[in-house]
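**Student:** sequence first, then the predicted structure, then my questions.
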Amino acid sequence: MVRRRPAGCILAGPVLAGLCATLLGVGLQRFAYSPLLPVMVAAHWLTPGAAGALGGANFAGYLAGALAAGWTGRLLGVRRALRGAMAVAAFCFLLCAHDGGLLWLLPWRTLAGIAGGTLMVLAGPAVQVSVPAAQRPRAGGVMFAGVGSGIAIGAAIVPLLLPWGVAATWMVLAATASALALLAWRHVPDVAAPADPGLPRLPRAAWRLILSYAVSAVAITPHMLFWPDFIARGLGWGVRAGSLAWLGFGLAAILGPGLFSALAIRFGTVAAYRLSVAVQGLAALLPVLLPAVPVLALSTLLAGSSALGATTLMIPAGRELAGDQAPAIWRLGTAAWGAAQTATGFALAALLAATGSHRPLFALGAAAGLLATLLVPQKRGGAE
């Protein structure tokens, strides 16, 4: 039986475990690599194309972990699955401290992605059933803030460790991840594994929302994977400037869920979701038009806030369109988003290697943002 905390103690017990899970499994595991990418290229650990491909492999692992998370939870139990995924993610950081080239790093970054996908899919539902119903909205907000917090922590750590080299940076990230896993360990909730729901029958509006969410992954991936590298190497401003830009992205990502949730209350969830994907497209367009400091700062803030803003609104937007089928929309949307980002990560790495320029990557993101905006359905009572 799950023990529940008093109503005033939100950042404790299962919620603390959920925060650590998203901070470790997504914020650090996935996104601390972005400011590290130009550092690894400059240190000759990887070529630019190989560094991009390594990011794509991590996306592929995340997708695999997310798709298999339900099966993993049923096989191991949710508590063991979550604990194991946190341990694996932390250990993969340590293994990446060895300069063994792409062939050495590829399996560990892929495995870390699998662990991150497992944490993201299993932690949220486990926390939701472990807290009183009145606390669930706040608990979800705290968990999503963990992603932005992890991005900000990674962006702050990398510049400080530059004098000690790439290997030291990976080891400090491993120590940070291990500390998060230990902090969460005894608080991980012991809940029933999710049942296999199969493929649901959804209205057309729901499928359009899912497709829009998948296309939005194409729009945001240039920022998520290459923004620090664009600032550092593409513009020649150096690794510290790239890390500072990534820190701004992370801080905006912390605030984004609350901002777009407030807009959803004011204008409706589907309308706020449409705005979030439109902002993603605008954020990608700005560096193509004018790579000046004020414009790039605005692009950083818009991309960071809208990245998690869209994610935060997917479940309530699905509920606004299709009622009780919202969990199925979230499950399918998460898988579609992960698949789209995986394919986009590899495609952008190949495009960068072929052109030597980051501009085409952001132009593609801008076009995807426009398409995603057009795909968002109108609210029509759950059908279209």
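**Tutor:** Looks like it arrived, so ask away. Numbering: from 1, shown residues only.

**Student:** tell me where the stretch 101-250 of the chain has helices.
**Tutor:** Along the stretch 101-250 of the chain, counting by DSSP state H, counting those that start in this stretch, helices occupy 101-128, 136-161, 165-185, 204-229, 239-267.

**Student:** output the contacting helices and strands for the shortest one.
**Tutor:** Applying 3 or more Cβ pairs under 8 Å, 6 or more residues apart in numbering; DSSP states H and E, one finds that helix 165-185 contacts helix 13-22, helix 33-42, helix 78-95, helix 136-161. From N, CA and C alone the C-beta is placed, and that goes for glycine too.

**Student:** what do you get for the fourth one?
**Tutor:** With contacts defined as 3+ Cβ pairs under 8 Å, 6+ apart, the packing partners of helix 204-229 are helix 33-42, helix 48-76, helix 239-267, helix 269-289, helix 293-322, helix 326-355, helix 359-375.

**Student:** so for the first one, what's the average pLDDT?
**Tutor:** For helix 33-42, mean pLDDT is 83.

**Student:** for that helix, which residues meet the burial criterion?
**Tutor:** By neighbour count on 16 or more other Cβ atoms under 10 Å, the buried set for helix 33-42 is 33-41.

**Student:** what angle sits between that helix and helix 136-161?
**Tutor:** Angle of helix 33-42 versus helix 136-161, following axes from the mean of the first three to the mean of the last three Cα atoms, to 10 degrees, is 20 degrees.

**Student:** could you do the last one as well?
**Tutor:** Interaxial angle, helix 359-375 versus helix 136-161 (the same axes, to 10 degrees): 170 degrees.

**Student:** before we move on, the earlier item: between the buried residues of helix 33-42, which is closest to Leu173?
**Tutor:** Leu36 (8.5 Å; Cβ to Cβ).

**Student:** just put the buried residues of helix 33-42 in TSV and tack on distance to Ala252.
**Tutor:** What follows is the buried residues of helix 33-42, written out as TSV (distance: Cβ to Cβ, whole Å):
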residue	distance to Ala252
Tyr33	19
Ser34	14
Pro35	15
Leu36	20
Leu37	20
Pro38	20
Val39	22
Met40	25
Val41	25
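
**Student:** which one of the residues you listed sits closest to Ala307?
**Tutor:** Once Cβ to Cβ is applied, the member of these that ends up nearest Ala307 is Ser34, at 12.0 Å.

**Student:** show me how far stretch 295-310 is from its chain's centre.
**Tutor:** In terms of Cα atoms, centre = their mean, to the nearest Å, the centre of stretch 295-310 is found 14 Å from the chain centre.
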